[in-house]
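1. please work out how this folds:
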Amino acid sequence: MQFTHEHREIQKTLKRFIDEEINPHVDEWEAAEIFPAHEVFKKMGNLGLLGLCKPEEYGGAGLDYSYSLAMAETLGHIHCGGVPMAIGVQTDMCTPALARYGSEELKRQFLAPAIAGDMVGCIGVSEPAAGSDVSGIKSVARKDGDDYVITGQKMWITNSLQADWMCMLVNTGDGPVHKNKSLVMVPLRDGPGGKLTKGVEVAQKIRKIGMHSSDTGLIYFDEVRVPQRYRIGAEGQGFIYQMQQFQEERLWCAASTLESLNHCIQWTIDYAQERKLFGSTLADQQWVQFKLAELKTEVEALRALTYRACDLYVNGQDVLELASMAKLKAGRLNREVPDTCLQFWGGMGYTLENKVSRMYRDGRLASIGGGADEVMLGILAKLMGIAKR
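-> Next up is the predicted model:
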């Protein structure tokens, strides 16, 4: 995969926006444990950054997925993990199935405002007793006339405290667990930033060890009434749609890791060249040189894997295996790189304000969210024919 001039121009636009509108406020948003999603998303929507690979008739740019990957990579320039994750939910996690399988009405009502930055979306899959095991969700949507009546709860939901709608995976039947689920668009509020829909309760804000600027919540649904026409695609196909959606999510996760890991390494190199010890600098120690060189090599190997997966995906191939590998490797490096770099920073690395320590906290989620490392390994073992399907 080769980035074109158009790819690079989009990256330059986004990087300039990050430098002017996001990074100057990151410390403030991290301390507040939330960022103004509606304000930030509207500015990004005005720049055409929230729908790069979405259909033009709904405000998107109609480009292929490589542009979304280029954007994800540039989001790694943000000096925290919470804000890029929230943006990624909007662009690559709660909207792919809507854009691919949603009706004209749904695209006009939910996709177009999300691309414009007028509405904030979230994806509702995880529950208190069902995270990596998507088939184990318990939320139910029963039919009542022309409506679904939804009861259940969703947990660990990014953007949930500010979201206007949720792309929600619910049980709509009693059949096999992989064939009884549907994706349903659920309005959480009566309008952008408005009052909660009847029966929707944002029960609590979940405090986390990292990703502080990203709002994460537990949401209850008590007899929430939604028209059946708000279902995305065919009934009972929600599990399949969500698995397809996960491919883009996992590629996004890998791509968004690349630049942030390189930042972590470069920050550490800069510090090591200044830190004096034993009559020289930390950077003069061969162990430090070799370890940072190894880490840089690992990041570039992840880049090659991610680019290859994206290239095949753009050309219409199934990349379940490669996307799972990239997600797995990204999770591992998000643990290894900040941990190693933090060690070289010594006591300075153990301070709360240090950017490397923030990466250490934020990066730990990559091995859990979007499918844990063990789920990725399980997928790969099945595809390799060494585990039962």
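
2. for the closest residue in space to residue 143 that isn't next to it in sequence, what are its contacts?
-> Computed as Cβ to Cβ, 6 or more residues apart in numbering, the closest residue to residue 143 that is not its neighbour in sequence is residue 228, at 6.9 Å. Every residue, glycine included, has its C-beta placed from N, CA and C. By Cβ atoms under 8 Å, 6 or more residues apart in numbering, residue 228 lies in contact with 143, 146, 147, 148.

3. kindly report the same for residue 366.
-> 253, 257, 330, 331, 334, 335.

4. relative to residue 95, how far out is residue 159?
-> Distance of residue 159 to residue 95, computed by Cβ to Cβ, to the nearest Å: 12 Å.

5. check residue 173 too.
-> 25 Å.

6. so for those two, which sits in the more crowded spot?
-> Neighbour count, other Cβ atoms under 10 Å: between residue 173 and residue 95, residue 95 has more, with 28 against 15.

7. shouldn't the more buried one be in contact with residue 121?
-> Yes. The pair residue 95 / residue 121 is scored as a contact, 6.4 Å apart, by Cβ atoms under 8 Å.

8. quick check: neighbours shared by those two?
-> 114, 167.

9. contacting residues around residue 370?
-> So residue 370 contacts 246, 249, 250, 253, 327 (Cβ under 8 Å, 6+ apart).

10. let me fix that: residue 119
-> Residue 119 neighbours (Cβ under 8 Å, 6+ apart): 110, 113, 164, 165, 192.

11. related to what we said a few turns ago, mind giving me the ChimeraX command for buried ones among the contacts of residue 366?
-> Selecting the buried subset of these in ChimeraX, with 16 or more other Cβ atoms under 10 Å as the burial test, is done by:
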select :253,257,330,331,334,335
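
12. turn the contacts of residue 366 into CSV, including secondary structure and distance to residue 17.
-> Below are the contacts of residue 366 laid out as CSV (DSSP: H, G, I helix; E, B strand; the rest coil; distance: Cβ to Cβ, whole Å):
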residue, secondary structure, distance to residue 17
253, helix, 21
257, helix, 20
330, helix, 24
331, helix, 27
334, helix, 24
335, helix, 29
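
13. which of the contacts of residue 366 lies closest to residue 134?
-> residue 253 (16.2 Å; Cβ to Cβ).

14. that closest one and residue 330 touch, don't they?
-> Yes. Under the criterion of Cβ under 8 Å, residue 253 makes contact with residue 330 at 5.6 Å.

15. give me phi/psi at the nearest residue to residue 371 once chain neighbours are set aside?
-> Take residue 371 and drop its neighbours on the chain: the residue closest to it by Cβ to Cβ, 6+ apart is residue 132, 6.0 Å away. Dihedral pair for residue 132: phi -70, psi -30, per degrees, to the nearest 10.

16. now intersect the contacts of residue 119 with the helices, please.
-> residue 113 (DSSP state H).

17. number of nearby residues for residue 301?
-> 12.

18. what residues are up against it?
-> Taking Cβ under 8 Å, 6+ apart, one finds residue 329 in contact with residue 301.

19. do you know how far it is from residue 258?
-> Taken as Cβ to Cβ, the span from residue 301 to residue 258 is 11 Å.

20. try residue 303
-> 5 Å.

21. more crowded one of these two?
-> Comparing residue 303 with residue 258 by other Cβ under 10 Å, the one with more neighbours is residue 258, at 22 against 19.

22. can you map out the strands along the protein?
-> 121-124, 140-144, 147-158, 165-171, 181-187, 200-205, 216-227, 231-232, 276-277, 280-281 (DSSP state E).

23. average model confidence for the third one?
-> This predicted structure assigns strand 147-158 an average pLDDT of 97.

24. before we move on, what about the first one?
-> Model confidence over strand 121-124, given as mean pLDDT, is 97.

25. which strands or helices does it pack on?
-> strand 147-158, strand 165-171 (3 or more Cβ pairs under 8 Å, 6 or more residues apart in numbering; DSSP states H and E).

26. cool, and the fourth one?
-> The elements that strand 165-171 packs onto, with contact taken as 3+ Cβ pairs under 8 Å, 6+ apart, are strand 121-124, strand 140-144, strand 147-158, strand 181-187, helix 238-274.

27. the second one too?
-> In this structure, strand 140-144 makes packing contacts with strand 147-158, strand 165-171, judged by 3+ Cβ pairs under 8 Å, 6+ apart.
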